[in-house]
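**Student:** This is a predicted model, with the sequence first.
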Amino acid sequence: MAMEMVISFPGGARVDATYGDFVIKTDQPLSDGGEGSAPSPFVLFLASLGTCAGIFVLSFCQNRGLPTDGLRIRQSMVWDPQKHLVSQVKFDIDLPAGFPEKYLGALVKAAQLCTVKRHLENPPHFEIETHIG
């Protein structure tokens, strides 16, 4: 099944992605020549990791009727200055008081099901072509 996203360039350092009825706006920070009007593509990438894990954690809790008040994930990244890449991503899942301990391991497994994370572990093939006119 093919999926399509259209990338457009509305001006400056802004780059938008249109997928169905959604427009995902990006920009570069002022320090990189942008206007800082939207997150950078890399920030969106990092956010996609946390929000993807988050939907799996939230669904796990909701499907079992577990409390979600105060539920949150704190995501931290370790930057490798030599490779100029993130070398580690850590999720700390903060649970409500009284959360049943018997679900802790299963909750971690649910977070690991994140589709974005699984794509990083099994990356797709990239193909780039150009078309004039």
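**Tutor:** Alright, I've got the coordinates. Everything numeric here is computed off the predicted structure, so don't read it as measured data.

**Student:** need the strands for the protein, in chain order.
**Tutor:** Taking DSSP state E, the strands of the chain run over residues 6-11, 14-19, 22-26, 72-80, 85-94.

**Student:** Starting from the fourth one, tell me which strands it pairs with and how they run.
**Tutor:** Right, the one you point to is strand 72-80. Listed by DSSP bridges, the sheet partners of strand 72-80 and their directions read strand 85-94 (antiparallel).

**Student:** buried ones in the strand it pairs with?
**Tutor:** For strand 85-94, burial by neighbour count (16 or more other C-beta atoms under 10 Å) applies to 91, 93. All C-beta atoms are positioned from the backbone trio N, CA, C, and that covers glycine.

**Student:** Kindly export that strand (C-alpha atoms) in PDB.
**Tutor:** The C-alpha trace of strand 85-94 is given here as PDB (Å, rounded to 0.1, in the frame of the first residue of the first chain):
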ATOM      1  CA  LEU A  85      23.800  12.200  16.000                       C
ATOM      2  CA  VAL A  86      21.700  11.200  19.000                       C
ATOM      3  CA  SER A  87      23.200   8.100  20.500                       C
ATOM      4  CA  GLN A  88      20.600   7.300  23.100                       C
ATOM      5  CA  VAL A  89      17.000   8.000  23.700                       C
ATOM      6  CA  LYS A  90      15.500   7.400  27.200                       C
ATOM      7  CA  PHE A  91      11.900   7.400  28.300                       C
ATOM      8  CA  ASP A  92      11.000   7.800  31.900                       C
ATOM      9  CA  ILE A  93       7.400   6.900  32.400                       C
ATOM     10  CA  ASP A  94       5.900   8.700  35.400                       C
END
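
**Student:** List the contacts of that strand.
**Tutor:** If you take C-beta atoms under 8 Å, 6 or more residues apart in numbering as the criterion, strand 85-94 is touched by 46, 49-50, 53, 57, 70-80, 107-108, 111.

**Student:** how does it look with 7 Å?
**Tutor:** Judged by C-beta atoms under 7 Å, 6 or more residues apart in numbering, the contacts made with strand 85-94 from elsewhere in the structure are 49-50, 53, 57, 70-80, 107, 111.
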